[in-house]
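Q: with the sequence up front, the predicted model follows.
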Amino acid sequence: MKAIWNGTVIAESNDTVVVEGNHYFPPNSINKEYFKESDTHSTCPWKGLASYYTVEVNGQQNNDAAWYYPQASDLAKQIEGYVAFWNGVEVVD
């Protein structure tokens, strides 16, 4: 699987985990040069507290386009630290 934004592959892995229709990429599969920590957080009733990244490629920013669970709940341990995408990031096989 590949995550693509602004014409650039920002993550790539054969070992994504699909939860609720989203592909979660292992932390070592993201190209960290394109990711900036965000102050945004949200809460999922069963996965826990999510943190976000802003994706920046070629000088353009996509605010909060990636999220992950740094300390996932016991029900979601399989995606702890894994990164998922939305907001225009294309995930393709």
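A: Thanks, I have the structure now.

Q: need the contact partners of stretch 78-85.
A: 3, 5, 11, 16-17, 19, 22-27, 30, 47, 53, 65-72, 91 (CB atoms under 8 Å, 6 or more residues apart in numbering). All C-beta atoms are positioned from the backbone trio N, CA, C, and that covers glycine.

Q: just the buried subset of those, please.
A: Buried members of the contacts of stretch 78-85, counted by 16 or more other CB atoms under 10 Å: 3, 5, 11, 16, 19, 22-26, 30, 47, 53, 65-69, 72, 91.

Q: among the residues you listed, name the ones in strands.
A: 3, 5, 11, 19, 22-24, 53, 65-68, 91 (DSSP state E).

Q: farthest pair in those residues?
A: Greatest spatial distance in these: Trp5 and Val19, 20.6 Å, computed using CB to CB.

Q: for Ser42, list the residues it contacts.
A: With contact set as CB under 8 Å, 6+ apart, Ser42 has these partners: Leu49, Ala50, Tyr52, Trp67.

Q: if we use 7 Å, what do you get?
A: Ala50 (CB atoms under 7 Å, 6 or more residues apart in numbering).

Q: check the one 5 residues further on too.
A: The contact partners of Lys47, by CB under 7 Å, 6+ apart, come to Tyr69, Ala72, Ser73, Ala76.

Q: many thanks, I have nothing further to ask.
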